[in-house]
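[1] Give me a model of this one.
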Amino acid sequence: MKKAWEKGIIILGAVVLALFFCLGKKEEKVYTNGYQYLIGVSVPNVIEPWLNNFIDALTEKAESDESINIIFRDAAGNSEKQLQDIRSLTECGIDLLIVSPNDSNSLAQVLQETFRKIPIILAGVGVQGEDYTCLIQADDEKIGRLAGEYILENLYEQNQRIVVFEGVEDSQVSKQRKEGFQNAIQGKIPETDITYYNGEWLRDRAELRMKDYLIAHDFAEIVFAFNDDMAYGAYLAYQQYRMDGTVHIIGVDGFEGESEGLNLVERGILDATIQTPDFGGLSYEIAKKILNGEKVDRNIIIQPKLIF
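    Below is the predicted model:
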C-alpha cells in the first residue's frame, strides 16, 4: 500500500475534500457529497514509521467509510507549527480532532481552546492538562521491561556488550521505554556493558551510530532499538562491515510489511519485536463512537506483545 503521506496531506478515498470551502468561518460546516463528519488529524511528522502506519490505517478506514472525511496536517517536527495546524483545522469546521503531540508541553493552551468546541483524541503521547476526550497510549514502560527481560532470559551472558538505540531527545515515549528496560536489568547487567545512543527513531541515524560503535569497540553481541526501523539500521551496519560473530537484535513496533518488524523476525534478522497497538485503526473506531454519541473510555492503555 502506498504510504499515505506520499499521496498528499489531504487524503479522502475517492472524493476530493472541498478544502476551498474552508474559509475560516468557524460556524460553517465543511462537508462533501454524502459525508456527514469531518475529522482533523495533526501529526508531529511523517518520518517516524509508526506515524506512517498511523496515517495509513486512518486513510484505509476513511476510504471505506462514506460518512467521514479526514484532513491531515504534518507539523514537520515543529511544535509551533503543530499549534497553528490545530487552529487551522478547527477553523475548517472539523467535528473532531485526532492529534499525536510533537511534545507533551506546548499544546496545552490550543487544546484547551479546541476542547471547548469539539472532542479531542490524543494518540500515542499525553499532554499537560485534562483537555481531551480520549487518550490512547501503549504501555511504554512495559515495552522496555519486556525487552530487558527477554535479553536477560534468552540472550545475555556475562561481559557481553549491549547497544541501546533511544528515540529523539526528550521524547516521553523514549524515556518510558528506557525506564522499563533499566528496571528489568537493574542489578543484573552492569551499566558498563551498555552503550546508549539517540537514534532519533530513524534507520539511517541508527545505522550511522552503529557503525561508529563498531569502529570504536569492534563488536556488540546485543542491540535493543526502540523501534524496528532503528533495529534494521543496526543490522545493516553489521552487514556492511561483515562482522564475525552473532548479533542479537530486538526492535519495537511489529508492523507488517517487507522491511517491518514482523517480516524481519520471520526472516531471522531480528530475534524479537515488541508489537505496539494499531493507533490509527483504534483512533478511527473511537472517533466514530464519539461522533455517534457513544461513551468511550477516557484513558486507554494498550498492552504490548512480545513476538519472537
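[2] Surely residue 175 forms part of a strand?
    No. The assignment for residue 175, made by DSSP: H, G, I helix; E, B strand; the rest coil, is helix rather than a strand.
[3] quick one: buried residues of stretch 114-129?
    114, 115, 118, 119, 120, 121, 122, 123, 124, 125, 127 (16 or more other CB atoms under 10 Å). For the C-beta atoms, the positions are set from N, CA and C on the backbone; glycine is no exception.
[4] Out of these, which is nearest to residue 143?
    residue 124 (12.4 Å; CB to CB).
[5] pLDDT score assigned to the residue nearest to that closest one when sequence neighbours are not counted?
    Counting by CB to CB, 6 or more residues apart in numbering, residue 124 lies nearest to residue 100, which is 4.8 Å off, once chain neighbours are set aside. Residue 100 is assigned 94 on the pLDDT scale.
[6] Around residue 100, count how many other residues there are.
    25 (other CB atoms under 10 Å).
[7] Distance-wise, check it relative to residue 229.
    17 Å (CB to CB, to the nearest Å).
[8] Show the contacting residues for residue 160.
    193, 220, 221, 222 (CB atoms under 8 Å, 6 or more residues apart in numbering).
[9] what's the second one sitting at in phi/psi?
    Torsion angles at residue 220 (phi, psi; degrees, to the nearest 10) stand at phi -130, psi 130.
[10] I'd like to know the phi and psi angles of the nearest residue to residue 200 once chain neighbours are set aside, please.
    Spatial nearest neighbour of residue 200, chain neighbours left out: residue 168 (5.0 Å); criterion: CB to CB, 6+ apart. Per-residue torsions, residue 168: phi -70, psi 150 (degrees, to the nearest 10).
[11] what's the spacing between residue 168 and residue 297?
    29 Å.
[12] remind me which residues of the stretch 151-300 of the chain are low pLDDT?
    For the stretch 151-300 of the chain, the stretches with pLDDT under 70 are 244.
[13] residue ranges for the helices of it, please.
    172-185, 203-217, 228-241, 261-266, 279-291 (DSSP state H, counting those that start in this stretch).
[14] want to try JSON lines for those helices, with distance to residue 40 and mean neighbour count as columns?
    What follows is the helices of the stretch 151-300 of the chain, written out as JSON lines (distance: least, CB to CB, whole Å; neighbours: other CB atoms under 10 Å):
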{"stretch": "helix 172-185", "distance to residue 40": "23", "mean neighbour count": "21"}
{"stretch": "helix 203-217", "distance to residue 40": "30", "mean neighbour count": "17"}
{"stretch": "helix 228-241", "distance to residue 40": "27", "mean neighbour count": "23"}
{"stretch": "helix 261-266", "distance to residue 40": "29", "mean neighbour count": "20"}
{"stretch": "helix 279-291", "distance to residue 40": "10", "mean neighbour count": "20"}
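[15] Which stretch among these approaches residue 95 most closely?
    Here helix 279-291 is closest among the helices of the stretch 151-300 of the chain (CB to CB), at 6.2 Å.
[16] residues making contact with the closest one?
    Outside helix 279-291, the residues touching it (CB under 8 Å, 6+ apart) are 37, 39, 50, 53-58, 61-62, 65, 68, 95-96, 98, 100, 119, 121, 123-124, 133-134, 136, 295-296, 300, 302.
[17] Identify those among the residues you listed that sit within strands.
    Mapping those onto strands (DSSP state E) picks out 37, 39, 68, 96, 98, 121, 123, 134, 136, 300, 302.
[18] The fourth one: neighbour count?
    Think residue 96. Neighbours of residue 96 (other CB under 10 Å): 21.
[19] Run through the residues that contact it.
    Counting by CB under 8 Å, 6+ apart, residue 96 touches 37, 39, 40, 118, 119, 120, 121, 287, 290, 291.
[20] The residues you listed: which two are farthest apart?
    Checking these with CB to CB, the most distant pair is 37 and 120, at 14.5 Å.
[21] quick one, phi/psi of the residue nearest to residue 124?
    phi -110, psi 110.
[22] Specify the beta-bridge partners of the nearest residue to residue 194 once chain neighbours are set aside.
    Distance criterion CB to CB, 6+ apart; nearest residue to residue 194, sequence neighbours excluded, is residue 162 at 4.7 Å. For residue 162, the beta-bridge partners are residue 194, residue 222 (DSSP bridges).
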